[in-house]
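Novice: how would this look folded up:
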Amino acid sequence: MKVPKLSELEYVIFDLETTGLYAEQGDEIIEFGAIRLKGLEITTESFQSLVKPPRTIPEAASAVHGITDKDVSKSPPVSEILPKFYEFCGNSYWVAQNARFDLSFILRDMKRLGINFRQSFAIDTIGISKILFPFESRHNLDVMMARLGISKIGDRHRSLDDCRFTALVLIEFIKLLENQGITELKDIESAFIKSDSIAKKLKPKTMGLFG
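Specialist: Residues are numbered from 1 along each chain as shown. A predicted model of the protein is given here:
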């Protein structure tokens with residue numbers, strides 16, 4: 001049986017906005033975003049929703065993504081949105097920029113809601129960047145886009161636009177990988193973020209970085 005190339009797989013690129021940086025310290029999801037990538041083509045399939053968190057959004061967090069308590073005041077709770085997000089992602093390969101961060105929130109809330117998480121890993125674009133550019137010290141999304149000549153047209157630090165930026169980066173990364181003979185999923189295993197390793201470290205506390 002032929003093993004599909006990286007450029008032949010189906011991916012879901014996902015991104016969250018949150019009240020802070022630490023799921024285990026009580027920070028909450030306030031926006032979900034995801035888009036589907038088939039091969040090297042961004043499809044029209046997307047998922048986006050604001051979420052009303054069970055706490056106020058700190059001003060320091062709003063300064064980053066621009067989302068305020070007023071913006072989410074009439075939004076549904078995470079218990080309503082997370083199952084829909086999970087259904088949208090389905091069996092596609094999950095991809096995120098700094099996947100460990102996003103997975104920590106998703107895994108925590110799925111545990112809270114009693115949802116069985118079946119995805120064993122997510123692909124982190126930071127990890128792929130380190131494979132392709134091992135001598136570079138910076139691998140954040142803005143640096144990656146500049147390195148690859150990708151224009152920043154959209155709202156940076158909002159989920160759906162960040163998904164699109166990450167998808168454009170992933171497409172270019174796959175091209176570079178395959179040009180180097182790195183063609184299969186197993187060849188980029190160092191870029192995998194294992195779900196079980198994150199789940200074991202999640203020990204809920206009460207407060208986050210921004211209060």
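Novice: does the closest residue to Phe14 other than its chain neighbours count as helix, strand or coil?
Specialist: Take Phe14 and drop its neighbours on the chain: the residue closest to it by Cβ to Cβ, 6 or more residues apart in numbering is Ala34, 4.2 Å away. Yep, even glycine has a C-beta here, placed from its N, CA and C like the rest. What DSSP: H, G, I helix; E, B strand; the rest coil gives for Ala34 is strand.
Novice: residue contacts, Ala34?
Specialist: Contact analysis of Ala34 by Cβ atoms under 8 Å, 6 or more residues apart in numbering lists Val12, Ile13, Phe14, Asp15, Ser46, Phe47, Gln48, Phe85, Phe88, Cys89, Ser159, Cys163.
Novice: got any ranges where the protein has weak pLDDT?
Specialist: 203-211 (pLDDT under 70).
Novice: I'd like the next helix or strand past the helix ranked longest in it.
Specialist: Identified as the longest helix of the chain according to DSSP state H is helix 159-179. Elements were assigned by DSSP states H and E; along the chain past helix 159-179, the next helix or strand is strand 192-194.
Novice: Parallel or antiparallel, list what pairs with that next one.
Specialist: Here strand 192-194 is paired, per DSSP bridges, with strand 121-124 (antiparallel).
Novice: State the next helix or strand along the chain beyond the strand it pairs with.
Specialist: Assigned by DSSP H and E, the successor of strand 121-124 is helix 125-132.
Novice: Which strands or helices does that following helix pack on?
Specialist: Packed against helix 125-132 by the contact rule (3 or more Cβ pairs under 8 Å, 6 or more residues apart in numbering; DSSP states H and E) you find helix 141-148, helix 159-179.
Novice: the inter-axis angle of it versus helix 141-148?
Specialist: Using axes from the mean of the first three to the mean of the last three Cα atoms, to 10 degrees, the direction of helix 125-132 lies 40 degrees away from that of helix 141-148.
Novice: Run the chain-centre distance for helix 125-132.
Specialist: How far helix 125-132 lies from its chain's middle: 15 Å, per Cα atoms, centre = their mean, to the nearest Å.
Novice: before we move on, what about stretch 116-128?
Specialist: 9 Å.
Novice: Next, the buried residues of it.
Specialist: Within stretch 116-128, the residues that count as buried by 16 or more other Cβ atoms under 10 Å are Gln119, Phe121, Ala122, Ile123, Asp124, Thr125, Ile126, Gly127, Ile128.
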